[in-house]
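A.B. asks: The sequence and its predicted three-dimensional model are supplied below.
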Amino acid sequence: MPRLLQRDRDGIYGKEFRRQLEAFNIEELVSAPRSPLQDGHVERVIGSIRRECLDHDIVLGEHHIREILKQYVTYDKEIRTQLGLEGDAPAHRMVEGPEQGEVSALAALHHVYRRRAA
């Protein structure tokens with residue numbers, strides 16, 4: 001369960017939504033009125049998920065979207081390289097030398113390459 005939820009002041013978040021957050025012990029971080037720049041990180045994550053994940057799949061239901069998002073989070077945390085980490089992934093990966101086999105692409109939405117044992 002998340003500990004915090006950052007949201008804007010959209011009217012869609014009514015009393016029932018806030019009651020559910022309280023029931024799950026989730027703290028709300030509500031952005032200031034008329035301050036869309038405060039939601040930059042959230043907007044970036046949502047945009048990345050939409051562009052890199054959901055625009056390429058037809059979602060068949062809640063269970064399906066949860067599986068898609070679980071796979072995306074794993075990709076983002078373990079495989080995706082980030083400039084802030086000098087081109088490494090958050091879960092550090094060892095450099096695989098040519099002696100470890102040929103490079104092969106894994107069949108996936110995102111480009112993932114591994115060395116195949118010789």
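C.D. replies: Sure thing, it's come through. If you're wondering where the values come from, they're calculated on a predicted model, not measured in any experiment.

A.B. asks: okay, CA-based contacts and neighbour counts for the rest of this
C.D. replies: Noted.

A.B. asks: what residue is smack in the middle of the protein?
C.D. replies: With distances taken as C-alpha atoms, centre = their mean, residue 73 lies nearest the centre of the chain, 4.4 Å away.

A.B. asks: what residue ranges in this protein are flagged as low confidence?
C.D. replies: 81, 92-96, 100-101, 103-118 (pLDDT under 70).

A.B. asks: Okay, strands next: where are they in it?
C.D. replies: With DSSP state E as the criterion, the chain has strands at 4-7, 27-30, 102-106, 112-116.

A.B. asks: Next, count neighbours for residue 79.
C.D. replies: Using other C-alpha atoms under 10 Å, residue 79 has 20 other residues around it.

A.B. asks: again, but for the one 5 residues further on
C.D. replies: Neighbour count of residue 84, defined by other C-alpha under 10 Å: 9.

A.B. asks: Please identify the buried residues of the helix ranked longest in the chain?
C.D. replies: In terms of residue count, the longest helix belonging to the chain (DSSP state H) is helix 62-78. Residues of helix 62-78 classed as buried by neighbour count (16 or more other C-alpha atoms under 10 Å): residue 72.

A.B. asks: Against which helices or strands is it packed?
C.D. replies: If contacts are counted by 3 or more C-alpha pairs under 8 Å, 6 or more residues apart in numbering; DSSP states H and E, helix 62-78 sits against no helix or strand.

A.B. asks: CA atoms of it as PDB?
C.D. replies: Output in PDB follows, covering the C-alpha atoms of helix 62-78 (Å, rounded to 0.1, in the frame of the first residue of the first chain):
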ATOM      1  CA  GLU A  62      -8.500  -4.500 -14.400                       C
ATOM      2  CA  HIS A  63      -6.500  -7.600 -13.900                       C
ATOM      3  CA  HIS A  64      -4.800  -7.100 -17.300                       C
ATOM      4  CA  ILE A  65      -3.900  -3.500 -16.600                       C
ATOM      5  CA  ARG A  66      -2.400  -4.400 -13.200                       C
ATOM      6  CA  GLU A  67      -0.200  -7.000 -14.900                       C
ATOM      7  CA  ILE A  68       0.900  -4.500 -17.600                       C
ATOM      8  CA  LEU A  69       1.700  -1.900 -15.000                       C
ATOM      9  CA  LYS A  70       3.600  -4.500 -12.800                       C
ATOM     10  CA  GLN A  71       5.800  -5.400 -15.800                       C
ATOM     11  CA  TYR A  72       6.400  -1.700 -16.500                       C
ATOM     12  CA  VAL A  73       7.400  -0.900 -13.000                       C
ATOM     13  CA  THR A  74       9.800  -3.900 -13.000                       C
ATOM     14  CA  TYR A  75      11.300  -2.600 -16.300                       C
ATOM     15  CA  ASP A  76      11.600   0.900 -15.000                       C
ATOM     16  CA  LYS A  77      13.300  -0.100 -11.800                       C
ATOM     17  CA  GLU A  78      15.600  -2.900 -13.100                       C
END
